[in-house]
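Asker: just need the structure, nothing else, for what follows:
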Amino acid sequence: MPTTPVPTAEITSDADSDPIMLELVDENGITIGTAEKLSAHLPPGRLHRAFSVFLFDDAGRLLLQQRALGKYHSPGVWSNTCCGHPYPGEAPFAAAVRRTGEELGMSPKLLREAGTVRYNHPDPASGLVEQEYNHLFAGLVGPELHPDPEEVGGTAFVSAAELAELHARRPFSAWFMTVLDAARPVVRELTGPSADW
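Answerer: The predicted structure follows:
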């Protein structure tokens, strides 16, 4: 399972730029307000809208990304292809396509909804909390990746068996298995039984 490091660049924290606003939601995913990104992740966390993307190649391998070391939240860990937060009023699908382009420099060939999942995952390393109502998407990777080194520390295409091996020996985001498990029914439809997801 080859991994591809992203060339290093001067990395600045998300927290150093202008405040990013997130949509706060209720338990049914209905918007109830907004909050600044970092404040929404401070303990005990405030429930907010998020998205997670899982893209696969033609062989049914999942594209993972390693989060850049400069990220203020969960730096250096492995996670799904792309994840993030819609801007207030932005459709989750549009946000998923936008962030995939911003982080990985490509557009998915195919992207479809894969449900939603609500979770509460504290991150012991940072002390931050992921209280999220997460919209899930699965699809096919587009041509040639051009990852942004401020967002992505490395990439890897993995089979289900390779993922299990990597997950056992490398740090992953606190939310990774929750979102993957919730997206599996659509992932299996997309990749077929031979991919063994």
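
Asker: element containing A35?
Answerer: Per DSSP states H and E: A35 is located in strand 31-36.

Asker: how far off centre is the following helix or strand past that strand?
Answerer: Scanning forward in sequence from strand 31-36, with DSSP H and E defining helices and strands, the next element found is helix 37-41. Here helix 37-41 is found 17 Å from its chain centre; the criterion is C-alpha atoms, centre = their mean, to the nearest Å.

Asker: OK, contacts around the residue nearest the centre of the chain?
Answerer: Centroid-nearest residue in the chain: C83, 2.3 Å away (criterion: C-alpha atoms, centre = their mean). Listed by C-beta atoms under 8 Å, 6 or more residues apart in numbering, the contact set of C83 reads A50, F51, S52, V53, R99, N134, S173, W175, V179. Every residue, glycine included, has its C-beta placed from N, CA and C.

Asker: where strands are concerned, which of the residues you listed count?
Answerer: Among the contacts of C83, the residues falling in strands (DSSP state E) are A50, F51, S52, V53, N134.

Asker: what are the ranges of the helices in the chain?
Answerer: Counting by DSSP state H, the chain forms helices over residues 37-41, 92-104, 160-169, 176-191, given from the N-terminal end onward.

Asker: okay, and the helix or strand of the protein with the least pLDDT?
Answerer: Averaged element by element with mean pLDDT, DSSP states H and E, the chain has its least confident helix or strand at strand 3-5 (a mean of 49).

Asker: list the contacts of E36.
Answerer: Neighbouring residues of E36 by C-beta under 8 Å, 6+ apart: P19, I20, M21, L22.

Asker: what is the lowest-pLDDT residue among those residues?
Answerer: Lowest pLDDT within those is found at P19 (84).
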